[in-house]
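*Asks:* my questions are about this predicted structure, shown below with the sequence.
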Amino acid sequence: MLCLIMTFEGISQKKHTLKNVKGEWLVSDDITLPQAKEKAVAEAKVEALRQSGVPEYISQSNLSYTAQGAAGMASFFESMTTLDVFGEISEFKIVKEERKFNSVGNIVYNVWIDATVVIHKEAKDPGFSCDITGINSSYDAPGKLSFEVKPWKDGYLQIFIVSEEEGSQLYPNKFEPGVLLKAETPYAFPKKGFQYEVTTSKQTEVNYLIFFLTKQDIPFREKETTQNILRYIGSISPQLKTIRTFSILIKKQ
């Protein structure tokens, strides 16, 4: 996980709770079992949204990274499916997993999830977003992370780093307090004199950086876990927020 070295507005929304929603993905030569699991989970989320009656204006962000394996360099592609206009998954848990062969002998990865879907009544502001530069697709650990953020409109930024097992808030922190970011102004992170370091105890690990910009100052105050972070992001109206996500592969040296 990434670590730091130095070290509402209330809205009207409807929730749907669904049980045992299935998603599946085919394992192929360029898709590993862990990747197939992630894609199956994404498919289950889409199905949960569909069952909840969310209009199918689903945007998909294809994030790529490269990993060194026994057979040499291979490209992996992940899809993170979000629905930030009419509704989204505020929380979920995997309740069952299954690997089986289909009729032609290919492995299919099946998952079942319990999910909570939040239905929003307010539309996203298409002019409220930000430009982010400086993030690489992979890092050697230990390594340094830095980037630049330029909001399109004034907003308050929070940055989270999550994996399947862990989640934490990278910014703001006790050394870098949150401030109002001005429109069309570039901001460098971390501040001068500080460092963000990428580390891992595994040979390789995929993490997700979430840049969460809001029109109002709505701080995250819960225990830092992946589920709490995703629940918090999902609880805020699309009209008040914008989300940018990046996958990064961390490789142990």
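*Replies:* Received it, and whenever you're ready, just let me know what you need. Residues are numbered from 1 along each chain as shown.
*Asks:* show me what counts as buried in the longest helix along the chain.
*Replies:* Identified as the longest helix of the chain according to DSSP state H is helix 33-51. Buried residues in helix 33-51, defined by neighbour count with 16 or more other C-beta atoms under 10 Å: 35-49. From N, CA and C alone the C-beta is placed, and that goes for glycine too.
*Asks:* cool, and stretch 154-161?
*Replies:* By neighbour count on 16+ other C-beta under 10 Å, the buried set for stretch 154-161 is 155, 156, 157, 158, 159, 160, 161.
*Asks:* need the residues that contact stretch 95-109.
*Replies:* For stretch 95-109, contacts defined as C-beta atoms under 8 Å, 6 or more residues apart in numbering pick out 19-20, 24-28, 33, 36-37, 39-40, 110-114.
*Asks:* what do you get if the cut-off is 10 Å, keeping everything else the same?
*Replies:* Residues outside stretch 95-109 that contact it (C-beta atoms under 10 Å, 6 or more residues apart in numbering): 19-28, 31, 33-41, 43, 110-115.
*Asks:* show me which positions of that stretch end up buried.
*Replies:* Neighbour counts using 16+ other C-beta under 10 Å place residue 109 of stretch 95-109 among the buried residues.
*Asks:* what's the average pLDDT for that stretch?
*Replies:* Across stretch 95-109, the average pLDDT comes to 90.
*Asks:* again, but for stretch 209-227
*Replies:* Mean predicted confidence for stretch 209-227 is 91.
*Asks:* buried residues in it?
*Replies:* 209, 210, 211, 212, 213, 214, 215, 218, 226.
*Asks:* for the last one, give me its contacts.
*Replies:* Just to be clear, that refers to residue 226. Per C-beta under 10 Å, 6+ apart, neighbours of residue 226: 91, 160, 161, 162, 163, 164, 165, 166, 167, 168, 208.
*Asks:* can you check the fifth one too?
*Replies:* Residue 213 sits next to 128-130, 149, 151-159, 181, 240-244 when contact means C-beta under 10 Å, 6+ apart.
*Asks:* recalculate using a threshold of 7 Å.
*Replies:* Going by C-beta atoms under 7 Å, 6 or more residues apart in numbering, residue 213 touches 130, 151, 155, 157, 241, 242.
*Asks:* helix or strand for it, which one?
*Replies:* strand 204-214 (DSSP states H and E).
*Asks:* for that strand, which strands pair with it and how are they oriented?
*Replies:* Partners of strand 204-214 in the sheet, by DSSP bridges, are strand 155-162 (antiparallel), strand 241-252 (antiparallel).
*Asks:* how far does the longest one sit from its chain's centre?
*Replies:* Spelled out, that is strand 241-252. Its chain's C-alpha centre and that of strand 241-252 lie 7 Å apart, by C-alpha atoms, centre = their mean, to the nearest Å.
*Asks:* next, residue 191: secondary structure please.
*Replies:* Secondary structure assignment for residue 191 (DSSP: H, G, I helix; E, B strand; the rest coil): coil.
*Asks:* just checking, residue 249 touches residue 138?
*Replies:* Yes - using C-beta atoms under 7 Å, residue 249 is in contact with residue 138, at 4.1 Å.
*Asks:* more neighbours: these two, which one.
*Replies:* Using other C-beta atoms under 10 Å as the criterion, residue 249 and residue 138 rank with residue 249 on top: 21 against 17.
*Asks:* give the bridge partners for the more buried one, please.
*Replies:* Counting by DSSP bridges, the residues bridging with residue 249 are residue 138, residue 206.
*Asks:* where do the strands sit along the stretch 51-200 of the chain?
*Replies:* Remark: strands assigned in the stretch 51-200 of the chain by DSSP state E, counting those that start in this stretch are 59-69, 72-82, 87-101, 107-120, 130-133, 138-141, 143-145, 147-151, 155-162, 167-171, 180-181, 187-189, 195-198.
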